[in-house]
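Q: model the following, please.
(chains A, B, C, D, E and F, ligands or ions: 4)
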Amino acid sequence: MKIFAPKETAEIETRAALDPAAAKKLVDLGAVVEVESGLGLKSDHDDKDYEAAGARVVSRRDDALREADIVLRVRKPEISDVFKLKEGCIHISFLEPFSEGVLLRSLATQGVTAIALETVPRTTLAQKMDAISSQANLAGYVAVTVAANRLNSIFPMMMTPAGTISPAKVFVLGIGVAGLQAIATAKRLGARVTAFDVRPEALEQAESLGAKALRIDLGDTAGTDEGYARELTRDQLEKQRLEQAKVCAQSDVVITTAKVFGRRPPILITKDVVKSMKRGTVVVDLAAEVGGNVEGVVPGEEVITDEGVRLVGLANYEGMVSKHATQVYASNLANMIEHFWNLEDKRFVVDLEDEIQCGCVITHGGAIVHERFKN
Amino acid sequence: MKIFAPKETAEIETRAALDPAAAKKLVDLGAVVEVESGLGLKSDHDDKDYEAAGARVVSRRDDALREADIVLRVRKPEISDVFKLKEGCIHISFLEPFSEGVLLRSLATQGVTAIALETVPRTTLAQKMDAISSQANLAGYVAVTVAANRLNSIFPMMMTPAGTISPAKVFVLGIGVAGLQAIATAKRLGARVTAFDVRPEALEQAESLGAKALRIDLGDTAGTDEGYARELTRDQLEKQRLEQAKVCAQSDVVITTAKVFGRRPPILITKDVVKSMKRGTVVVDLAAEVGGNVEGVVPGEEVITDEGVRLVGLANYEGMVSKHATQVYASNLANMIEHFWNLEDKRFVVDLEDEIQCGCVITHGGAIVHERFKN
Amino acid sequence: MQEMLINLAYIVASILFIFGIKMLGSADTARKGNLVSAIGMLIAVVVTLFEKGLSYEWIVAGLIVGTAIGAIAAKRVQMTGMPELVALFNGFGGLASLLVGWAEYTKDEGHLTPFTATVVVLAILIGGITFTGSMIAYLKLSGKMGGTPTLFPGQKVFNALVVLAMLGLGGYFIATGTEWALYAVIGLSLALGILGVIPIGGGDMPVVISLLNSFSGLAASAAGFVIFNTVLVVAGCLVGASGLILTVIMCKAMNRTLANVLFGGFGAASGKGGAEVEGEMKAMSVTDAYYVLEAANRVIFVPGYGMAVAQAQHAVKELGEVLEKNGAEVSYAIHPVAGRMPGHMNVLLAEADVPYEQLTEMDDANAIMPAVDVAIVIGANDVVNPAAAEDPSSPIYGMPIINVHEARTVFALKRGQGAGFSGLVNTLFFRENTRMIYGDAKATVNALVGQFKD
Amino acid sequence: MQEMLINLAYIVASILFIFGIKMLGSADTARKGNLVSAIGMLIAVVVTLFEKGLSYEWIVAGLIVGTAIGAIAAKRVQMTGMPELVALFNGFGGLASLLVGWAEYTKDEGHLTPFTATVVVLAILIGGITFTGSMIAYLKLSGKMGGTPTLFPGQKVFNALVVLAMLGLGGYFIATGTEWALYAVIGLSLALGILGVIPIGGGDMPVVISLLNSFSGLAASAAGFVIFNTVLVVAGCLVGASGLILTVIMCKAMNRTLANVLFGGFGAASGKGGAEVEGEMKAMSVTDAYYVLEAANRVIFVPGYGMAVAQAQHAVKELGEVLEKNGAEVSYAIHPVAGRMPGHMNVLLAEADVPYEQLTEMDDANAIMPAVDVAIVIGANDVVNPAAAEDPSSPIYGMPIINVHEARTVFALKRGQGAGFSGLVNTLFFRENTRMIYGDAKATVNALVGQFKD
Amino acid sequence: MELISLLFTFVLAAFLGFELIQKVPSQLHTPLMSGSNAISGITMVGAIIAAGVADGLFGSILGFLALVLATINVVGGYMVTDRMLGMFKKKGH
Amino acid sequence: MELISLLFTFVLAAFLGFELIQKVPSQLHTPLMSGSNAISGITMVGAIIAAGVADGLFGSILGFLALVLATINVVGGYMVTDRMLGMFKKKGH
Ligand SMILES: NC(=O)c1ccc[n+]([C@@H]2O[C@H](COP(=O)([O-])OP(=O)(O)OC[C@H]3O[C@@H](n4cnc5c(N)ncnc54)[C@H](OP(=O)(O)O)[C@@H]3O)[C@@H](O)[C@H]2O)c1
Ligand SMILES: NC(=O)c1ccc[n+]([C@@H]2O[C@H](COP(=O)([O-])OP(=O)(O)OC[C@H]3O[C@@H](n4cnc5c(N)ncnc54)[C@H](OP(=O)(O)O)[C@@H]3O)[C@@H](O)[C@H]2O)c1
Ligand SMILES: NC(=O)c1ccc[n+]([C@@H]2O[C@H](COP(=O)([O-])OP(=O)(O)OC[C@H]3O[C@@H](n4cnc5c(N)ncnc54)[C@H](O)[C@@H]3O)[C@@H](O)[C@H]2O)c1
Ligand SMILES: NC(=O)c1ccc[n+]([C@@H]2O[C@H](COP(=O)([O-])OP(=O)(O)OC[C@H]3O[C@@H](n4cnc5c(N)ncnc54)[C@H](O)[C@@H]3O)[C@@H](O)[C@H]2O)c1
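A: Numbers count the residues shown, from 1 in each chain, chains lettered A, B, ... in the order given. Ligands and ions are numbered 1, 2, ... in the order given. Below is the predicted model of the structure:
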């Protein structure tokens, strides 16, 4: 099978769908691997590195797209690219399936087997191919280094001859994968970390990293079966906002990561709360790209409010550590291909009965096959 | 006595000579404290904060300068400002006394008692007023957060379902106060840290923070009595460069902090060594403002070499955490004033016999009195 | 007066034995302790020579012959041959006690009090078992006899009958003083020594010798009752008691019970009949776990989410250090999905300053697993669930795991029967070589560290 | 036969005493241990009543009176009055031994063997000292007598003379059997109990009682030799030996030696003469340090550069936790210039996860210092050098320091005589209340932790 | 011989006493002292014999006194110790 | 009484034996076993008496044999133990 990884077209994207290590792994499986020239430039790999790994570096992107049996990308393809794919081609990437109805239909029409990484089941077995996790993890780290860079003060406590510097107070809202890594990183830097999530088990997880969990009694808030959070009622949200506002007002850094599977993320921090924060506070919203948890955040930008609060709404946090983000992303893809690879035929076996594929194959055989997106 | 802290005039400067806490301390000593309006804006304090601390906020800067018995600043004064000072005025700030002969002479002519923070003796007793240390300490921290922000990869090791991310390799050159804090911060973030200094005792200190010390046998390299490093011979430098080059080539982040008291800092990393580094390596030169340890560094800027190595030569690292930098700087000044304060007369007692003042008073009674700068 | 002095000397000798044993139990003083107890022995022997009414020809001859043989044997033996030599010596000691009892009988023949008769029987019986048992142990250890258990059908019943016969005849002798009964007891005790030891595997011989050593002490003590000699009673009893404790300790270090060592061989003969059973979860105390760890050469930690919950990372690091100081090779096997976020274990172990060199990736850990003496699973569950490798119906089938079940012994530290993230039953905990150490992981690990430092 | 049974019962009683004492030594089993030993006592007493040839009227009367008084006193006493009640009881026990010895003398008057005479004298002598000594302790503890040491010139010599006279007369009695000599010994022993205890301060009374308790055991043992009764010998001796060990342990918990406790009061009378001496550095073993820490209620750590060099932070954190679990209040006093960079100690302690709440700034630490039982200086030197406050000629004069010298006891952990960064001599290490614990700080702290976990 | 046996017993008991007490937590010092003080009341056995077999009134009185005192020591000692130990709520070790 | 004293002694010695051995590092298991095996050769004292006071040749021979065996046990036992312990270079504990 021919596997092709084109360069990302989004200007903001620094990651690539393959790094040399993953390319080598696929080559070792018996695949023919092609990468577009310059694929790894933004993640510190040049064409020679890919060649050394056994991949072919090609410049004619359209030809390669047309011939490929498997196309690997980071971001969703442009519709124009979709029409270049051959029938039966397997396309693996993020797809934003909840908002991209047209794209899904095009993929189906084209007869492409499209795999959306967003819907890989969050089971123990599938974790090696779970790019949402692997990227969120890095985003959580970056959120903290960004905050440290923007903050006018330092994170750790220091008792010095020139007085005591008290540790920064960091508040992490939403303790998913990204939130946990943010907690860990902030703790490492010496901050006092408070964390909140609607899922009670997430609070225990925050404590397992040494953070203080903010426990607010909100009644029933169990997550969905897939491990994602459910949307809250209005009353619950109100109570939660109140408690959070108190913590926010005392914090130096606030990091929000709350997403709800398939919907716009909830507003956790309203304008009023932002107003109540201290001058110099840094708010990092990891959900900014999909709508944001913080009122007033501008996706892709940093704004400073009149009260001197900095709202960071970058679009591609994990892209700031593109080398490692590429490494784990590419590894996720390679793991997935390896998992479904038939070593004798040297091919990727599509099997919609399989629990994992059932979760993440969106279109196949000319139709949208995923339960959730059928209509 | 009237103490005045004017706003800094250098555009790049974000620190202030007084924060509200230090102002209050001086007020409590019985001094009249004046600050220029807007003094603390860049370090997250507004005029009201100073007023609450008992200081007077003034707008007429020149008048205040003329009337002040003590002037507190961060950076050296412009010559024009010097001529506004009254005779007998005590002026405390960094002075760059080694390069600023004209300034020193002006201060002397004007009859100002000028105290240079650069030459506060590095004794245990004087440490509370040692601004070089307090600022270097923060600079060391910032060097790492800057590096983390610029680096295309993450610092800590992670064994994840998508493969193992190996820890970043950080090399710290020069283990003074800044170097030590850089080591500590990089270690905290999970990096593997190697460190080098010409002073053998500094290597032990690096190890006391968990870093690996690079031990190169250079023969006699003892420091001066003041605790600063002595310049090396040509042979020594050569040998050292060779060993360092090896470590540099493997590192993801290189932080240089080597200064030599009163001279241009040594070049520790030549163009060749920079060439040998991996694509994506981040080099942070803390000595950039005074000449730099790294060949090719542009003071105040970041350059990316053709090989993809990023050379960071910012001018005011500690200024990036201006709130805390101001806090400790102001505290240094307040400690110094308190130390020499006569509580009955409520005045700062100039006493050139005193070991500390002997070290840091440069001009007094119309002449340059410091041994080192007399000619 | 002379008797008084002799007895005072015996007291001194006993005190030296006490010190000797105590000192032998710690590495720094062991050699001196041996010397101290040797001096005690010298005093006891020399003083005995001053007993009234001894005829010296036999004594001198005996001393010379015995000393010569003992010294030469001890000098000549290869380092590797020492354990079997100890077995041999031990057997001689047992036989000596038997002979002393017998000799006493020949002296007082016929007019033995019931008490004396009892202790004579005890000295003979225990001495006899010690003698032949030690001989078998010697043969097995020196390779002159196969190390595998010798088994035959009905062995258990047969041995039980021998024991009963011996006790019956002993009782008969005590009651009636009939001579042949005594000889029968001698014969049966010698037989029992052989019968008792042949079904035990060669690897367990050190434990057997230790137990027989304890017996030989008891035999000496019994001989002491026979001749009403206090030093014999005291020294013999000291050895009997301390030897028993030592035997138990040695068993624990092998993660076995004494009964299992002694009668395990019988099981081998009968076993392998029934179907594969589920097994049961076997709990272990911290002290017992200590004995196993103390003797381990290669230990691997497998941390999981439970370590994070317990915040046990510092304690774990310290246990690692303590184990290393104790001579073990220590590493940490990190499963990629252990914990609740990527790199969860890395964060914690880095916080505790575990050297990067000791962190082992799953595949490398699995490669060395069969050579690992103890795998310590600290609050991990899913990532060590053998179902992932063995049970195709399991939802995690196909996920690579850390194969701790291939280690010699597995300690699983968890609070109770709680399941992991995926909610599955973990058959690891039911395996033959797994021991559960219940409790909060931090408390447990701290307790283990405490066991090492005393 | 009856005698045999009685003696077997005595053996059982002795075993129960052994278990009882062992169980009393650990918090979980202490109460049960007391019960076990009480059962042993019951058995011993009941069985004694079966002795042949006893006339029961005196016995029954004695038992009733004694039981009533003892029970009522034990029930009525306030919780705070318990220690003095124990002293009272202990005195009674001593007096009882004296009386038993005396009674035996009246029975055998004239025809005592030298041995019996010796043990009678011992029983009387030890019993007498125990009796009056305990009474004084009782009076001091209950406040019926001032707690301050009672001192008079020539006290030491006088007491020594009393001891000599007592021993001389005791020897004379043994040799000749002269009656008045025995009475003189009684009188002198009673006097010695008073003389020996009055110079000891009220605060040290618990140690004195413990020692006298050990004595009363020995007195009972001596009484056992008098009437040739084994259970008395065994139980008395057990108490004598374990009481002595306990006394030593109690002294160590006060960071004192036994001699210092017993004869320290004399020193107080003579002292304060000479000029201020430099003092000397006093080393202390880890075990002794353990006893002090075990009894401490407030402990403060003062880390310095040496902690960083030793990388002892994790160990220190653990010691802190262990001390807290033991009931002590623990904090860490951070001097601003400790270490080699600003915040050096913060980095390390944060790495070890010491809670921010326990980090104390210099001024706050100094405020509580006089109430601190033990200040543990871990590789700090300059930052705890009292010269900064006291010696105007010192280059660091005027620098605020952490005033550990104001704590009750200071432990200074360092490797040797090394100076700190500023190269100055530190007089702290020569102070009366400072103890040096030499060695790498990490090893020392780990050893201390080990002492707590056993 | 009898005497020697007693001496032997004495010596062994002394060693055993030393070995039994190892590390005692400080809050147990007083109860342990009190508890072993009660054991030292074993002299009661001697007192019973003294009171029961004494010839002459004087000896009997001595024995009687000894018995009263020893009984107080034993009964009071055990009861006080038990009260003390009852106070320790197990600290949840 | 003599017998009772012996029993007493026996019991105390047993307890003492138990208390003496606490935690023995595994590398000392064999030497400790070997060393206490040498002590169990104390039966040599019995053998001396048996060999020295036996009446009749048979008794003497029994005694002689016992003595030889016990002596081997004692002499060999102590020497072997010493050799074993000599091998341990102190691991620098
Ligand atoms: N790494 C990731 O990124 C990530 C993210 C999300 C989910 N997951 C999933 O999480 C699981 C990780 O596996 P794992 O083996 O690390 O953990 P696990 O399977 O969740 O098991 C944790 C075990 O620790 C025990 N435990 C909890 N608290 C304890 C304490 N204080 N002391 C001692 N034991 C304690 C629990 O048993 P008791 O209750 O009996 O004590 C439980 O069995 C995998 O299924 C993985 O897929 C991983
Ligand atoms: N904080 C800062 O920013 C800074 C910067 C530069 C200089 N300083 C200066 O450094 C000093 C700091 O004072 P300090 O009290 O922290 O340290 P210190 O005065 O330098 O004393 C350190 C002590 O630790 C002992 N030590 C070294 N290694 C040890 C080990 N492995 N185990 C146990 N003990 C060990 C040494 O004694 P042995 O050799 O006998 O073991 C030494 O006496 C001040 O004088 C300060 O002015 C501070
Ligand atoms: N089985 C596996 O191996 C595996 C792998 C990855 C993730 N997971 C599970 O899935 C969970 C969610 O993962 P994610 O990081 O992708 O989640 P996410 O990015 O969808 O959401 C981030 C967090 O925000 C929280 N959140 C949602 N609404 C909130 C609100 N109103 N207030 C506060 N918090 C709110 C969610 O509970 C979640 O913890 C993980 O925590 C994990 O338990 C499992
Ligand atoms: N007494 C006190 O309390 C006190 C206070 C502050 C500093 N000090 C001492 O002064 C020392 C220097 O302080 P600093 O941070 O201001 O120093 P610095 O900024 O002048 O120099 C930084 C470091 O660079 C090193 N260096 C110089 N040339 C080098 C070369 N060619 N190669 C490698 N390294 C080189 C120096 O040795 C020094 O450690 C400190 O480490 C400390 O020991 C003492």
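
Q: quick one, what contacts the closest residue to chain B within chain E?
A: Ranking the residues of chain E by distance to chain B (Cβ to the nearest Cβ) places E:Lys23 first, at 33.6 Å. Every residue, glycine included, has its C-beta placed from N, CA and C. Listed by Cβ atoms under 8 Å, 6 or more residues apart in numbering or on different chains, the contact set of E:Lys23 reads D:Gly25, D:Ile249, D:Tyr290, D:Glu294, D:Gln451, D:Asp454.

Q: let's have the residues you listed in TSV, adding secondary structure, distance to C:Thr48 and neighbour count.
A: Below are the contacts of E:Lys23 laid out as TSV (DSSP: H, G, I helix; E, B strand; the rest coil; distance: Cβ to Cβ, whole Å; neighbours: other Cβ atoms under 10 Å in any protein chain shown):
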residue	secondary structure	distance to C:Thr48	neighbour count
D:Gly25	coil	38	23
D:Ile249	helix	40	22
D:Tyr290	helix	44	19
D:Glu294	helix	47	22
D:Gln451	helix	43	22
D:Asp454	coil	40	12
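
Q: ok, so of those, who is nearest C:Ala389?
A: Distances from C:Ala389 to the contacts of E:Lys23, taken as Cβ to Cβ, are shortest for D:Asp454 (40.8 Å).

Q: on that earlier part again, and the residue of chain E closest to chain B, that one's in a helix?
A: No. Counting by DSSP: H, G, I helix; E, B strand; the rest coil, E:Lys23 falls outside a helix, being coil.

Q: I'd guessed C:Leu359 sits against C:Val330; true?
A: No. If you go by Cβ atoms under 8 Å, C:Leu359 and C:Val330 don't touch, sitting 11.3 Å apart.

Q: report the distance from stretch A:41-60 to the chain centre.
A: 24 Å (Cα atoms, centre = their mean, to the nearest Å).

Q: which other residues reach that stretch?
A: Under Cβ under 8 Å, 6+ apart, the answer for stretch A:41-60 is A:4, A:13-16, A:18-21, A:23-24, A:27-28, A:32-40, A:64, A:322-323, A:325-327, B:152-153, B:278-280, B:308.

Q: buried only: go through these for me.
A: A:4, A:13-16, A:18-21, A:23-24, A:27, A:32-36, A:39-40, A:64, A:322-323, A:325-327, B:152-153, B:279-280 (16 or more other Cβ atoms under 10 Å in any protein chain shown).

Q: from those, which land in strands?
A: With strands taken from DSSP state E, the overlap with those comprises A:Phe4, A:Val32, A:Val33, A:Glu34, A:Val35, A:Glu36.

Q: pretty sure A:His284 belongs to a strand, no?
A: One thing to correct before we go on: residue A:284 is Val, not His. Yes. A:Val284: assigned to a strand according to three-state DSSP.

Q: hey, what's it bridged with?
A: Beta bridges link A:Val284 to A:Ile255, A:Val312 when assigned by DSSP bridges.

Q: now do it, the pLDDT please.
A: Model confidence at A:Val284, given as pLDDT, is 97.

Q: show me where chain A has its helices.
A: A:20-29, A:47-52, A:61-67, A:79-82, A:101-109, A:131-150, A:177-188, A:200-207, A:234-250, A:271-276, A:322-339, A:355-360 (DSSP state H).

Q: and these, which one's lowest on average pLDDT?
A: Among the helices of chain A, helix A:234-250 scores lowest, at a mean of 86.

Q: which ones are touching C:Ala447?
A: Contacts of C:Ala447 (Cβ under 8 Å, 6+ apart): C:Val286, C:Gly439, D:Lys453.

Q: quick check: phi and psi on it?
A: C:Ala447 has phi and psi values of phi -60, psi -40 when expressed as degrees, to the nearest 10.

Q: and it, how far from ligand 4?
A: Per Cβ to the nearest ligand atom, to the nearest Å, C:Ala447 is found 42 Å from ligand 4.

Q: out of the ones in strands among the buried ones among the contacts of stretch A:41-60, the closest to C:Met205 would be?
A: Of those, the one sitting nearest to C:Met205 (Cβ to Cβ) turns out to be A:Val33, at 60.5 Å.

Q: name the nearest residue to that closest one, sequence neighbours excluded.
A: A:Ala55 (4.2 Å; Cβ to Cβ, 6 or more residues apart in numbering or on different chains).

Q: smallest gap between the stretch 1-150 of chain A and chain F, at which residue?
A: In the stretch 1-150 of chain A, the residue that lies nearest chain F is A:Thr124 (38.6 Å; Cβ to the nearest Cβ).

Q: do you know the pLDDT at that residue?
A: So A:Thr124 comes in at 85 (pLDDT).

Q: so it sits against C:Pro400, correct?
A: No. A:Thr124 is beyond contact range of C:Pro400, at 11.2 Å (criterion: Cβ under 8 Å).

Q: going by secondary structure, C:Ile437 is in what exactly?
A: Under the criterion of DSSP states H and E, C:Ile437 resides in strand C:434-438.

Q: restricting to C-alpha, output that strand in PDB.
A: Output of strand C:434-438 as PDB, limited to C-alpha atoms (Å, rounded to 0.1, in the frame of the first residue of the first chain):
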ATOM      1  CA  THR C 434       1.400 -13.200  43.600                       C
ATOM      2  CA  ARG C 435       1.100 -11.900  47.100                       C
ATOM      3  CA  MET C 436      -1.200  -9.000  48.000                       C
ATOM      4  CA  ILE C 437       0.000  -6.500  50.400                       C
ATOM      5  CA  TYR C 438      -3.100  -4.600  51.300                       C
END
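
Q: alright, calling it a day.
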